[in-house]
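1. How does the following fold in three dimensions:
(one chain, ligands or ions: 1)
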Amino acid sequence: MKHEQSQRLFQQALNVIPGGVNSPVRACRSVAAEPLFIDRADGCMLYDADGNGYIDYIGSWGPMVLGHRDPDVIAAIEAVLRNGTSFGAPTALETQLAHLVIDAVPSIEMIRMVNSGTEATMSAIRLARGFTGRDMILKFDGCYHGHADALLVEAGSGVATLQIPGSPGVPQAFVEQTLSLPYNDQEALVQIMDQKGDQIACVIIEPVAGNMGLVKPVDGFLETLRELTRKHGIVLIFDEVMTGFRVAHGGAQAHYGITPDLTCLGKVIGGGLPVGAYGGRRDIMARIAPQGPVYQAGTLSGNPVAMAAGIATLEKLKTVGLYADLASKTRTLAEGLADAAARSDIPVTIDRAGSMLGMFFNPGPVRDFDEAKTSDLERFTAFYKAMRQKGIYLAPSQFEALFVSTAHTAAHIEQTVQAAEKVFASLPG
Ligand code: HOZ
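-> Take a look at the predicted model:
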């Protein structure tokens, strides 16, 4: 495979865009590669500027659950485009998308649309602080909740990929009120709640972590978290930006049967356009301006084109059997990868949740960020590069999840497993 056009475009971008990219992980630095510049996409396939095709397991980092250029989503976008692209005034589409989310996600009674996951988590935390009158927040190591100042503590995703402990530009005072605990550590959780429970405004968590690779909650962890947050009057925020409409139609909260107070969404609900949202208990959401005093606003919030893409996507996701089919394809992929790795004696830990999948190059188990970090990153890099050369487009970081879409067929999964089999066999022991 040649990448001359991608290389040329990357050099041009480097002159005018920091690192040549508009979001760090996609620069592929941690895997000592250069990014592919994408020309077009269709179904589960991506085509780069050199005309190479790839089976895509990034799916725009989650949103493309229906694959690329789903005909219904494209038609909905085109229809709305003809009426204008932004009005800065309410449209019926916003209420329609709100209803679709509320009907699907058990805990959401009211919802506010924003433009990104970062905006959603940042706003939900401000709301929780405004609602409780407390300042302290609690998160978990390796979870990533966007790039707001207070959340860049022991964060996953690009922060983990680039091995940045925090970030210059974040004043110490902004993170002083942020506590971070190991994911899945019930003992530490109980202890901190005993010590500081009554000062904590909110706990924010990815109910299935997808930004340190894929790490699932151990039995009872989310239940304990729900019980303790309720006991101490703490707002429990599920960051379902990644897991919403992915792990299940109603998100991870529906799958695990836990009702958070607030939920952050993004990715899938925008159907590939920039949308985020936060929603939850009516009494808490009623504190948002202009109904309440907690301020949050946005010129492009509820943008009609983005709403139309989200509506078309969520309508289609109601299809009976769709989630079972996605989960079954993801299981086939997970089992195929595990068998292929075993045949070459490569220790891997593979887990999945709905249509999300993660693979660590270690014998496992992986229950938290420290265990995720024991993955053999050199081996991951070699695997990533060789898979890309075979036309399989994986996340260029050990600390990201993979995503399967309805557009992946059994043949795509089989092709992926066959490629992995050859790559595993070629990896240095
Ligand atoms: N940090 C996001 C993934 N967890 C998005 C990365 C990107 O778009 O480059």
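2. now could you export just the CA positions of stretch 369-378 as CSV?
-> What follows is stretch 369-378, C-alpha atoms only, in CSV (Å, rounded to 0.1, in the frame of the first residue of the first chain):
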residue,chain,number,x,y,z
PHE,A,369,-5.9,2.0,34.3
ASP,A,370,-2.8,0.5,36.0
GLU,A,371,-3.6,-2.9,34.6
ALA,A,372,-4.4,-1.4,31.2
LYS,A,373,-1.0,0.3,31.2
THR,A,374,0.7,-3.1,31.5
SER,A,375,-0.3,-3.8,27.9
ASP,A,376,2.8,-4.4,25.6
LEU,A,377,2.8,-1.1,23.7
GLU,A,378,5.5,-2.1,21.3
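3. List the contacts of the helix ranked longest in the chain.
-> Ranked by residue count under DSSP state H, the longest helix found in the chain is helix 322-343. Contact with helix 322-343 is made by 65, 248-249, 316-317, 347-348, 350-352, 354-357, 359, 404-406, 408, 410, 413-414, 416-417, 420-421, 424-425, as judged by CB atoms under 8 Å, 6 or more residues apart in numbering. To be clear about C-beta, it is placed using only N, CA and C from the backbone, and glycine gets the same treatment.
4. Show me what the helix or strand following that helix is packed against.
-> On the C-terminal side of helix 322-343, the closest following helix or strand by DSSP states H and E is strand 349-353. Here strand 349-353 touches helix 322-343, strand 356-360, going by 3 or more CB pairs under 8 Å, 6 or more residues apart in numbering; DSSP states H and E.
5. Would you mark the buried spots in strand 349-353?
-> 349, 350, 351, 352, 353 (16 or more other CB atoms under 10 Å).
6. Repeat that for stretch 228-242.
-> Result for stretch 228-242 [16+ other CB under 10 Å]: buried residues 228, 229, 232, 234, 235, 236, 237, 238, 239, 240, 241, 242.
7. Which of those residues fall within strands?
-> 235, 236, 237, 238, 239 (DSSP state E).
8. what about stretch 243-254, start to end distance?
-> One end of stretch 243-254 sits 11 Å from the other (CA to CA, to the nearest Å).
9. got the contact list for the closest residue to residue 222 other than its chain neighbours?
-> Leaving aside its sequence neighbours, residue 222 sits nearest to residue 258 (CB to CB, 6 or more residues apart in numbering; 4.8 Å). Each residue near residue 258 by CB under 8 Å, 6+ apart is listed here: 207, 222, 223, 225, 226, 238.
10. ok, 7 Å please
-> Taking CB atoms under 7 Å, 6 or more residues apart in numbering, we find residue 258 in contact with 222, 223, 226.
11. Now which of these would you call buried?
-> Members of the contacts of residue 258 classed as buried by 16+ other CB under 10 Å are 222, 226.
12. Just give me the closest of the contacts of residue 258 to residue 90.
-> Checking the contacts of residue 258 against residue 90 with CB to CB, the nearest one is residue 226 at 34.2 Å.
13. Name the SS class of that closest one, please.
-> At residue 226, secondary structure determined by DSSP: H, G, I helix; E, B strand; the rest coil is helix.
14. so what pLDDT did the residue in the stretch 251-400 of the chain positioned nearest to the ligand get?
-> Proximity to the ligand, evaluated over the stretch 251-400 of the chain using CB to the nearest ligand atom, is greatest for residue 400 at 5.5 Å. On pLDDT, residue 400 comes in at 97.
15. Residue 119 too?
-> Residue 119 is given a pLDDT of 98.
16. what residues are up against it?
-> When contacts are counted by CB under 7 Å, 6+ apart, residue 119 is found next to residue 276.
17. mind redoing it with 8 Å?
-> 146, 276, 298.
18. Pick the one among those residues closest to residue 28.
-> Distances from residue 28 to the contacts of residue 119, taken as CB to CB, are shortest for residue 146 (21.2 Å).
19. Could you measure from the residue lying closest to the closest one once chain neighbours are set aside over to residue 253?
-> Excluding its sequence neighbours, the residue lying closest to residue 146 (CB to CB, 6+ apart) is residue 118, at 2.9 Å. Separation of residue 118 from residue 253 (CB to CB, to the nearest Å): 21 Å.
20. for residue 310, same thing?
-> As judged by CB to CB, residue 310 and residue 253 stand 19 Å apart.
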